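A.B. asks: pasting the sequence and the predicted coordinates here, then a few questions.
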2 protein chains.
Amino acid sequence: METDNATPRWLTEDEQCAWRTYLAVNRLLTYQMEKDLQPFGLTMNDYEILVNLSESEDLRMRMSDLATATLQSKSRLSHQITRMENAGLVRRENCESDRRGLYAVLTDEGMATMKKVAPHHVASVRKHYIDLMTPETLASLRATLKPIAEHLRTQRGKP
Amino acid sequence: METDNATPRWLTEDEQCAWRTYLAVNRLLTYQMEKDLQPFGLTMNDYEILVNLSESEDLRMRMSDLATATLQSKSRLSHQITRMENAGLVRRENCESDRRGLYAVLTDEGMATMKKVAPHHVASVRKHYIDLMTPETLASLRATLKPIAEHLRTQRGKP
DNA sequence: CACCGATGGTTCGAATTTCAACTTTCTAGG
DNA sequence: CCTAGAAAGTTGAAATTCGAACCATCGGTG
């Protein structure tokens, strides 16, 4: 009995190049963003959480929702919030309506940090990504990636 | 003395959406690729190293070159290779011309693993990325990302 | 109302990653 | 030839991440 029953459709030269380029940008960009955030003592994860909270009603979010929004596992988020709590950026607060539940709440200090860091982060995103394309290119890139994101969301179970 | 001397150029709605979509695809895709490789006991990192070695002269590469090629720190690569060595996928070999140097060499088992896994991995890349676009879209995506990769390569110091 | 499977979160241990030494060998300049 | 620095890799400890196990509460059902 064979384990493979067909010749695989290998990637063409172009496809391969496209894929590898994508992977490279992926890593390099992550690296760069992380590096630009470092002087402020934040990681991308930290920043993303601050953003999510700052955009939420009452500057708070349920742990699960935050985990879903940031595509992290519950476990990881829990640790993450603990660290940020120690850093004074967020605090945990009980949920009235569901006694199992907790809110992660943005503290004043967290908000202040957010406001201080945001301009730099945005500048970084521009410098290394957005401003390297024309608006048209960016739009088409977005149009390309959007459905891929949708597709992937349907694929994944809980991380 | 002001720390910020200008109003930052915030992202427009569209730019923001594009950026966030990009980040999302990034994570979701990484997650998915990782997951598809898991049944074979490999990570993306493992796989990438196998690919690099298998495409190299004599199935070997200097540790530094491999680190550069895979955009990892020396330290990380060293640990990584140690793990893969324990798994029998690669072996270290001394370098004649530079006695500080080492080669990471693909073993027969490593090559066999590579051959076994590649079709599945390629299928995964197709399913979750390549085949979700037309060839034209893919080409333009590549054209967009290529210069960004170049830009980022010039930016970074050693990771 | 009592039970039971699902939900929300945390925690523990193992695996991975990072960061800062550290060792050895090269290379270039005096 | 000798030496100071750079380069190649490794190492060990600390931080992060992952996965599974765990505890408590919820919600629906008999």
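C.D. replies: Structure received.
A.B. asks: got a pLDDT number for A:His128?
C.D. replies: We have a pLDDT of 97 for A:His128.
A.B. asks: who's in contact with it?
C.D. replies: Shown in contact with A:His128 (C-beta atoms under 8 Å, 6 or more residues apart in numbering or on different chains): A:Leu29, A:Gln32, A:Met33, B:Ile148, B:His151, B:Leu152, B:Gln155. Where you see a C-beta, it was placed from the backbone N, CA and C, and this is true even at glycine.
A.B. asks: and if you look at A:Asn94?
C.D. replies: Contacts of A:Asn94 by C-beta under 8 Å, 6+ apart are A:Gly101, A:Leu102, A:Tyr103.
A.B. asks: 10 Å - rerun?
C.D. replies: A:Arg100, A:Gly101, A:Leu102, A:Tyr103 (C-beta atoms under 10 Å, 6 or more residues apart in numbering or on different chains).
A.B. asks: who wins on neighbours among those residues?
C.D. replies: A:Tyr103 (21 neighbours; other C-beta atoms under 10 Å in any protein chain shown).
A.B. asks: if we can go back for a sec, turn the contacts of A:Asn94 into a markdown table, including distance to B:Glu136, pLDDT and secondary structure.
C.D. replies: Shown next, in a markdown table, are these (distance: C-beta to C-beta, whole Å; pLDDT from 0 to 100; DSSP: H, G, I helix; E, B strand; the rest coil):
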| residue | distance to B:Glu136 | pLDDT | secondary structure |
| --- | --- | --- | --- |
| A:Arg100 | 50 | 95 | coil |
| A:Gly101 | 48 | 96 | coil |
| A:Leu102 | 48 | 97 | strand |
| A:Tyr103 | 47 | 98 | strand |
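A.B. asks: kindly reformat those as CSV containing distance to A:Asp14.
C.D. replies: Output for these, formatted as CSV (distance: C-beta to C-beta, whole Å):
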residue, distance to A:Asp14
A:Arg100, 51
A:Gly101, 49
A:Leu102, 49
A:Tyr103, 49
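A.B. asks: just the contacts of A:His128 now: which is nearest A:Ser56?
C.D. replies: Of all the contacts of A:His128, A:Ser56 sits closest to A:Met33, with 22.4 Å by C-beta to C-beta.
A.B. asks: the closest one and A:Ala123 touch, don't they?
C.D. replies: No: applying C-beta atoms under 10 Å, one finds A:Met33 not in contact with A:Ala123, separated by 11.3 Å.
A.B. asks: more crowded one of those two?
C.D. replies: For the pair A:Met33 and A:Ala123, the greater number of neighbours falls to A:Met33 (19 against 15), based on other C-beta under 10 Å.
A.B. asks: which pLDDT value goes with the residue nearest to the more buried one when sequence neighbours are not counted?
C.D. replies: Counting by C-beta to C-beta, 6 or more residues apart in numbering or on different chains, A:Met33 lies nearest to A:Met44, which is 5.7 Å off, once chain neighbours are set aside. Listed pLDDT for A:Met44 reads 97.
A.B. asks: now swap in A:Glu2 and tell me
C.D. replies: Confidence score, pLDDT, at A:Glu2: 48.
A.B. asks: got it, and A:Gln155?
C.D. replies: For A:Gln155, pLDDT reads 84.
A.B. asks: what about it, how many neighbours?
C.D. replies: So A:Gln155, with other C-beta under 10 Å, has 15 neighbours.
A.B. asks: I figured A:Arg27 hits B:Ser73, correct?
C.D. replies: No: the criterion here is C-beta under 10 Å, and A:Arg27 misses it with B:Ser73 at 12.0 Å.
A.B. asks: who has more neighbours out of these two?
C.D. replies: A:Arg27 (18 against 11).
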